[in-house]
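J.: Whatever this is, show me its structure:
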Amino acid sequence: MVEENITRIHLDGKEYILIGTAHVSKHSAEQVKEVIERERPDSVCVELDEQRYQSITEGNKWKDMDIIQVIKEKKASLLLINLAISSFQNRLAQQLGIKAGQEMIQGIESAKETGAELVLADRNIQITFARIWGNLGFKGKTVLLSQIIASIFSKEEITEEELEKMKNQDTINAILNEFTEGFPRLKVPLIDERDQYLSQKIKDAPGNKVVAVLGAAHVPGIQNELHKEHDLKKLNTVPPKSKLPKIIGWSIPVLILAIIAYTFLSNPSAGLAQTISWIIWNGSLSAIGAAIAFGHPLTILTAFIAAPITSLNPLLAAGWFAGLTQAYVRRPNVKDFESLSEDVYSIKGFWRNKVSRILLIVVLANIGSSLGTFISGADILRVFFENL
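T.: The predicted model follows:
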């Protein structure tokens with residue numbers, strides 16, 4: 001039986017009521033309240049993991065975050081992606097006068113009011129992104145970061161009528177829609193695996209009547225996956241990293257050093273030109289990345305000095321050193337962390353806030369250094385072949 005945005009499924013003596021929602025829709029929140037109060041289910045499943053549940057119920061505890069530790073643990077890019085998605089969703093919600101995730105909040109509140117057991121049914125968002133990130137090469141990662149950062153810049157307004165049409169996507173899908181068209185294999189971790197995870201959590205929910213509050217994009221998939229059994233442990237596993245990128249990562253600097261050394265022996269002036277090219281291209285483009293993020297002069301200098309060295313060691317990255325320098329020179333205070341969730345609503349706020357600026361410095365300095373490696377590498381090869 002199918003009603004407006006509601007799908008009912010009877011399976012193995014249990015009734016599942018799936019509510020397809022838009023994550024920033026007044027109508028969706030109202031419908032969640034109405035359905036739960038009318039149906040009085042034994043369990044209410046919401047499309048949240050523990051991290052997002054705490055974020056919604058307790059607020060984003062940005063002031064508890066150690067930005068230096070984030071950089072050292074190599075999580076700056078992941079945090080920037082999370083902030084970008086938060087910015088996208090909150091900007092739409094603010095425009096429409098509704099709190100982002102209101103339908104999930106309503107599901108939580110209605111579960112408590114009716115005495116239903118609350119089930120957090122979604123996979124940890126960091127695991128989802130880790131599985132997405134693992135399927136991308138350098139080009140894909142650069143395009144993904146660029147597209148997500150571009151979503152921050154977008155000032156395009158959307159009507160609530162248009163928003164209702166977005167019921168075919170959830171927040172993450174809406175941002176990554178064009179990207180997944182170019183990288184279709186990412187549909188598996190982004191949508192298919194989450195459908196499987198959500199369906200298994202819904203099936204495992206206690207009681208004979210279960211209401212699930214879901215982004216509408218997941219409803220068709222969950223309808224199919226409910227009839228199957230899924231291994232949650234397997235879906236929660238982050239695949240081991242391939243050895244090939246590590247081999248390539250070490251091979252390139254070894255090759256570059258060998259070429260420069262050989263050129264030096266045959267033509268010292270040409271070898272010096274190669275060395276200068278490596279330093280200038282790597283350092284300059286990394287420094288430009290830090291400058292675009294409005295890094296402190298010492299941060300920009302650090303990026304310039306670090307990039308030619310870190311580009312020869314895959315275990316290091318110029319952006320980490322630039323970000324750590326910025327964190328020490330312009331250390332964020334409590335106010336920066338407390339205002340972070342509001343500042344990321346706008347481009348100006350993203351650059352003004354000391355926390356998000358550090359994240360931008362890490363990412364942009366690393367992108368600049370990577371571009372410098374390719375450009376200077378090509379120049380080094382050119383000089384090498386000219387002097388054979």
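J.: Give the next helix or strand downstream of the strand or helix carrying S110.
T.: Secondary structure from DSSP states H and E places S110 in helix 102-114. Later in the chain than helix 102-114, the nearest helix or strand by DSSP H and E is strand 117-120.
J.: pLDDT (mean, whole number) over that next one?
T.: Per-residue pLDDT values across strand 117-120 average out to 96.
J.: Equivalent analysis for stretch 18-35, please.
T.: Throughout stretch 18-35, pLDDT has a mean value of 83.
J.: On the pLDDT front, check the residue lying farthest from the centre of the chain for me.
T.: The centre of the chain is farthest from one residue, S266, which by Cα atoms, centre = their mean lies 47.9 Å away. Per-residue pLDDT puts S266 at 90.
J.: any idea how far K243 is from it?
T.: From S266 over to K243 the distance is 34 Å, taken as Cβ to Cβ, to the nearest Å. Bear in mind the C-beta positions are built from the backbone N, C-alpha and C, glycine included.
J.: how would you label L315: helix, strand or coil?
T.: Assigned with DSSP: H, G, I helix; E, B strand; the rest coil, L315 falls in the coil class.
J.: number of nearby residues for it?
T.: 8 (other Cβ atoms under 10 Å).
J.: any idea how far it lies from L364?
T.: Taking Cβ to Cβ, one finds L315 at 20 Å from L364.
J.: Could you do I105 as well?
T.: Remark: distance between I105 and L364 (Cβ to Cβ) = 35 Å.
J.: the more surrounded of these two?
T.: Neighbour count, other Cβ under 10 Å: between I105 and L364, L364 has more, with 24 against 18.
J.: And for the residue nearest to the more buried one when sequence neighbours are not counted, the neighbour number?
T.: Distances taken as Cβ to Cβ, 6 or more residues apart in numbering place G289 nearest to L364, at 3.5 Å, with adjacent residues excluded. Neighbours of G289 under the rule other Cβ under 10 Å: 29.
J.: give the contact list for G289.
T.: 303, 319, 361, 363-369 (Cβ atoms under 8 Å, 6 or more residues apart in numbering).
J.: make it 10 Å
T.: Counting by Cβ atoms under 10 Å, 6 or more residues apart in numbering, G289 touches 295, 300, 303, 307, 318-319, 322, 360-372.
J.: ditto for E229
T.: Contacts for E229 were tallied using Cβ under 10 Å, 6+ apart; they are 196, 199-200, 203.
J.: before we move on, what about L198?
T.: For L198, the contact set (Cβ under 10 Å, 6+ apart) comprises 18, 45, 47, 121-123, 212, 214-215, 218-219, 221-222, 225-226, 230.
J.: Among those, which are located in strands?
T.: 18, 45, 212, 214-215 (DSSP state E).
J.: Which of these sits closest to K141?
T.: Minimum distance to K141 across the ones in strands among the contacts of L198 is 24.9 Å, recorded for G215 (Cβ to Cβ).
J.: from what I can see the closest one touches R194, true?
T.: Yes: using Cβ atoms under 10 Å, G215 is in contact with R194, at 9.4 Å.
J.: Counting neighbours, what do you get for R357?
T.: For R357, the count of nearby residues is 24 (other Cβ under 10 Å).
J.: Show me which helix runs longest in this structure.
T.: helix 354-386 (DSSP state H).
J.: Give me the buried positions along it.
T.: 354-373, 375-377, 379-380, 383-384 (16 or more other Cβ atoms under 10 Å).
J.: How about the contacts made by the closest residue to K112 other than its chain neighbours?
T.: Leaving out its chain neighbours, the residue that sits closest to K112 by Cβ to Cβ, 6+ apart is L118, at 7.4 Å. Applying Cβ under 10 Å, 6+ apart to L118 gives the contacts 43-46, 48, 53, 107-112, 205.
J.: would you turn these into a markdown table with neighbour count and pLDDT?
T.: Below are the contacts of L118 laid out as a markdown table (neighbours: other Cβ atoms under 10 Å; pLDDT from 0 to 100):
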| residue | neighbour count | pLDDT |
| --- | --- | --- |
| S43 | 22 | 97 |
| V44 | 29 | 97 |
| C45 | 30 | 97 |
| V46 | 26 | 95 |
| L48 | 24 | 91 |
| Y53 | 16 | 85 |
| G107 | 29 | 94 |
| I108 | 21 | 94 |
| E109 | 16 | 94 |
| S110 | 21 | 95 |
| A111 | 21 | 95 |
| K112 | 11 | 95 |
| A205 | 23 | 96 |
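J.: now, the most widely separated pair of those?
T.: Longest distance between any two of the contacts of L118 is 17.9 Å, between E109 and A205; criterion Cβ to Cβ.
J.: Extract the residue ranges of the stretch 251-388 of the chain that are flagged as low pLDDT.
T.: 334, 338, 341, 344-346 (pLDDT under 70).
J.: And the helices in it, which stretches?
T.: 268-292, 297-310, 318-329, 334-343, 347-352, 354-386 (DSSP state H, counting those that start in this stretch).
J.: For the fourth one, name the packing helices and strands.
T.: Applying 3 or more Cβ pairs under 10 Å, 6 or more residues apart in numbering; DSSP states H and E, one finds that helix 334-343 contacts helix 76-96, helix 347-352, helix 354-386.
J.: Quick one, which of the ones you listed gets closest to V143.
T.: Comparing the helices and strands packed on helix 334-343 by Cβ to Cβ, helix 354-386 comes nearest, at 11.0 Å.
J.: angle of that closest one against helix 297-310?
T.: Counting by axes from the mean of the first three to the mean of the last three Cα atoms, to 10 degrees, helix 354-386 lies at 40 degrees to helix 297-310.
J.: Helix 354-386 vs helix 334-343, what angle?
T.: If you take the same axes, to 10 degrees, helix 354-386 sits at 80 degrees to helix 334-343.
J.: what about helix 354-386, distance to the chain center?
T.: How far helix 354-386 lies from its chain's middle: 22 Å, per Cα atoms, centre = their mean, to the nearest Å.
J.: one step back: can you tell me which of the contacts of L198 is nearest L11?
T.: Nearest to L11, judged by Cβ to Cβ, of the contacts of L198 is L226 at 6.1 Å.
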